[in-house]
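Student: need a structure here:
(4 chains)
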Protein chains: 4
Amino acid sequence: MINKSKFVAVIGGSEPSAEETRLAETVGRELARQGATLICGGLGGVMEAACKGASSEGGVTIGILPGDNRQAANPYVQIPIATGMGYARNVAVVKSAQAVIAIGDSYGTLSEIAHALQSSIPVIGINTWSLSRNSQQDNSIIPAQNPTEAVNKALNLITY
Amino acid sequence: MINKSKFVAVIGGSEPSAEETRLAETVGRELARQGATLICGGLGGVMEAACKGASSEGGVTIGILPGDNRQAANPYVQIPIATGMGYARNVAVVKSAQAVIAIGDSYGTLSEIAHALQSSIPVIGINTWSLSRNSQQDNSIIPAQNPTEAVNKALNLITY
Amino acid sequence: MINKSKFVAVIGGSEPSAEETRLAETVGRELARQGATLICGGLGGVMEAACKGASSEGGVTIGILPGDNRQAANPYVQIPIATGMGYARNVAVVKSAQAVIAIGDSYGTLSEIAHALQSSIPVIGINTWSLSRNSQQDNSIIPAQNPTEAVNKALNLITY
Amino acid sequence: MINKSKFVAVIGGSEPSAEETRLAETVGRELARQGATLICGGLGGVMEAACKGASSEGGVTIGILPGDNRQAANPYVQIPIATGMGYARNVAVVKSAQAVIAIGDSYGTLSEIAHALQSSIPVIGINTWSLSRNSQQDNSIIPAQNPTEAVNKALNLITY
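Tutor: Predicted structure coming up:
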């Protein structure tokens, strides 16, 4: 059942590198294999690759869109949510998830990382931002070396 | 498949009459029987009754919540979306649907009717507001006498 | 001082009749004369006419815009707020006011009336929607016959 | 006139250090001296200190609040905007400004920095986050050594 599954957001930009696209698709596939529901921003790039991967394994995919038009979702989104709220939808993407996997280093992704950390939602990062303050590294983003490690860490951190 | 199904929002207040509760549950049940996906505001009252009805027939239920906490969803919501945006989430509820069924006459429901009509999303009403301007009835809310008629009208009006 | 003044929202569509434009401008002028701060949605039509009237009397005008671009405000907005949140900004327009004056009968205006009534913010109406439920008139929108009456009623209803 | 003035957001957390509080107050004072309008999130901490500084020099202060209640604004906010949209209001804070001054290192501040950079709004930082990707420093946050330098850099970067 969907509502017993864990909800994980995959966040990343709409213009990823080839490597990031590959990572995102593998993350999506692995989430679906482990029975998790995928949440994303619903558009192209990392979002589409993750949904494509999840769909290939029969997973459920949710796209929380910035615009008014549910038809703007990428073709692998099964459940499009049209917020009409622009980048403010980034807040809804992370708050609807129990853990977040960040891929790549767009500023939109950084905003989602920040909203997640502010809400104490765990963030796993692959090829993403690193943060420091007062010349000291902030270790809140949990690093993963590959998609499987990222998915395992995300699912293990969900305890409710 | 979920993404071939029609998405219908059921809107109504959290403190409905017994009659409205019964109507909402029947609407939810009938939507599920006809393969539609139910969207609502995720809380109690009409929203919960509709989700309960849909669940009893194996339908998919989405709750777009005002708050930060996905666990605030009623127990029949399978896909909780935590927007953290308060009543502004009313916009997302209707914009994510292809048709709207309004039950009862809370002001929150009126705001959702207005947002839907503004976006040219059809609204079917049962026991709900009626609107007039310059002493003339506005007939934008399509009346239904009972839940089955409401569901049939909603699904027939979805052409894309 | 601005922060001792009363904040009143003037809501109305972007394509008003000539009569509604005239009403809005007079409402704006009268609000400024009585020292109130004007809040609106920042765009054209009723919003622009109200700001124009207020500006002509040296009043303060705030425009809470749907888009990302503060330069989209009409030329009489002194304080543009760019929410980037589309129609969800309608909620912010009314919640930032202590009373609301509604002019005309667009669906956007109806959504703002509903959000205001839901929040127990008084709504004064001129040439606007009338509401009924169960064949009974809902008298929550306080009628005014002309701009001066609307402004007086709005300011008298602000008690904090 | 307000609408000829430059609009600068001061962003920072609600639980700043004593040093950050002092910095914020000085930034607010200097902005007002130079005729800029101050935008902030409207609450305590850095936001209140900046508004206090600006008010002491007769500046205009705008607080874009997360909640429903305009009375939740700090006492130095002259223009409270009640969005009711929670942290999504962070987007409106930065988008309503022509430049942003970031003080301190809360996650909320990081989200605002990210939203500003995503929108190409210049960000000046004092005692704030530093960002890197792929082991390389991202230099998008323009550093300032003190409040006066921060204000001068912010105002010089506003060219429209």
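Student: so where's chain A shaky on pLDDT?
Tutor: A:1-3 (pLDDT under 70).
Student: swap in 50 and give it another go.
Tutor: Of all residues in chain A, those with pLDDT under 50 make up the ranges A:1.
Student: strands of chain A, start to end?
Tutor: A:7-11, A:37-40, A:61-65, A:79-82, A:99-103, A:123-126, A:129-133, A:136-138, A:141-143 (DSSP state E).
Student: could these go into CSV alongside mean neighbour count and distance to chain B?
Tutor: C-beta: built from backbone N, CA, C; applies to glycine. What follows is the strands of chain A, written out as CSV (neighbours: other Cβ atoms under 10 Å in any protein chain shown; distance: least, Cβ to the nearest Cβ, whole Å):
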stretch, mean neighbour count, distance to chain B
strand A:7-11, 29, 7
strand A:37-40, 30, 7
strand A:61-65, 29, 7
strand A:79-82, 26, 4
strand A:99-103, 29, 12
strand A:123-126, 24, 16
strand A:129-133, 19, 22
strand A:136-138, 12, 23
strand A:141-143, 17, 21
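Student: want to throw those into TSV with distance to chain D?
Tutor: Output for those, formatted as TSV (distance: least, Cβ to the nearest Cβ, whole Å):
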stretch	distance to chain D
strand A:7-11	12
strand A:37-40	17
strand A:61-65	12
strand A:79-82	15
strand A:99-103	11
strand A:123-126	10
strand A:129-133	4
strand A:136-138	8
strand A:141-143	11
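Student: compare these and give me the one nearest C:Ile11.
Tutor: C:Ile11 sits nearest to strand A:79-82 of all the strands of chain A, at 23.9 Å, using Cβ to Cβ.
Student: note down every partner strand of that closest one and its orientation.
Tutor: Counting by DSSP bridges, the strands paired with strand A:79-82 are strand A:61-65 (parallel).
Student: what residues does the partner strand touch?
Tutor: A:28, A:37-43, A:47, A:50-51, A:54-55, A:72-74, A:76-83, A:89, A:92-93, A:96, B:79, B:81 (Cβ atoms under 8 Å, 6 or more residues apart in numbering or on different chains).
Student: contact residues of chain A facing chain D?
Tutor: A:85-88, A:91-92, A:105-108, A:110-111, A:113-115, A:117-118, A:127-135, A:138 (Cβ under 8 Å from any Cβ of the partner chain).
Student: got the contact list for the longest helix anywhere in chain A?
Tutor: Longest helix in chain A, counting residues (DSSP state H): helix A:18-33. Contact with helix A:18-33 is made by A:8, A:10, A:12-13, A:16, A:37-38, A:45-47, A:49-61, A:101, A:103-104, A:126-127, A:146-148, A:150-151, as judged by Cβ under 8 Å, 6+ apart.
Student: buried ones among those?
Tutor: A:8, A:10, A:12-13, A:16, A:37-38, A:45-47, A:49-55, A:59-61, A:101, A:103-104, A:126-127, A:147, A:150-151 (16 or more other Cβ atoms under 10 Å in any protein chain shown).
Student: relative to D:Val100, how far out is the residue nearest to A:Gly42 when sequence neighbours are not counted?
Tutor: Nearest non-adjacent residue to A:Gly42, counting by Cβ to Cβ, 6 or more residues apart in numbering or on different chains: A:Gly63, 2.5 Å away. Counting by Cβ to Cβ, to the nearest Å, the separation of A:Gly63 from D:Val100 is 30 Å.
Student: next one: A:Val93
Tutor: Separation of A:Val93 from D:Val100 (Cβ to Cβ) stands at 23 Å.
Student: and for A:Ser55?
Tutor: Taken as Cβ to Cβ, the span from A:Ser55 to D:Val100 is 39 Å.
Student: do the same with A:Ile81
Tutor: Going from A:Ile81 to D:Val100 by Cβ to Cβ gives 29 Å.
Student: same check, this time on A:Asn69
Tutor: 30 Å.
Student: got it, and A:Pro66?
Tutor: According to Cβ to Cβ, A:Pro66 and D:Val100 sit 21 Å apart.
Student: surely A:Leu157 touches A:Ala99?
Tutor: Yes - counting by Cβ atoms under 8 Å, A:Leu157 touches A:Ala99, with 5.3 Å between them.
Student: who touches both of those two?
Tutor: Common contact partners of A:Leu157 and A:Ala99 (Cβ under 8 Å, 6+ apart): A:122, A:124.
Student: how many other residues sit next to A:Ser119?
Tutor: By other Cβ atoms under 10 Å in any protein chain shown, the residues close to A:Ser119 number 18.
Student: need phi/psi at it.
Tutor: phi -100, psi 10 (degrees, to the nearest 10).
Student: residues in contact with the nearest residue to it once chain neighbours are set aside?
Tutor: Nearest residue to A:Ser119 in three dimensions, chain neighbours excluded: A:Lys95, at 6.1 Å (Cβ to Cβ, 6+ apart). By Cβ under 8 Å, 6+ apart, the contact set of A:Lys95 is A:115, A:119, A:121, B:68, B:70, B:82-84.
Student: go again with 6 Å.
Tutor: B:68, B:82, B:84 (Cβ atoms under 6 Å, 6 or more residues apart in numbering or on different chains).
Student: count the neighbours of the first one for me.
Tutor: Taking other Cβ under 10 Å as the neighbour definition, B:Asp68 ends up with a count of 17.
Student: neighbours of the residue lying closest to it once chain neighbours are set aside, how many?
Tutor: Using Cβ to Cβ, 6+ apart and skipping residues adjacent in sequence, the residue nearest B:Asp68 is B:Gly84, 4.5 Å away. As a burial measure, B:Gly84 scores 24 neighbours (other Cβ under 10 Å).
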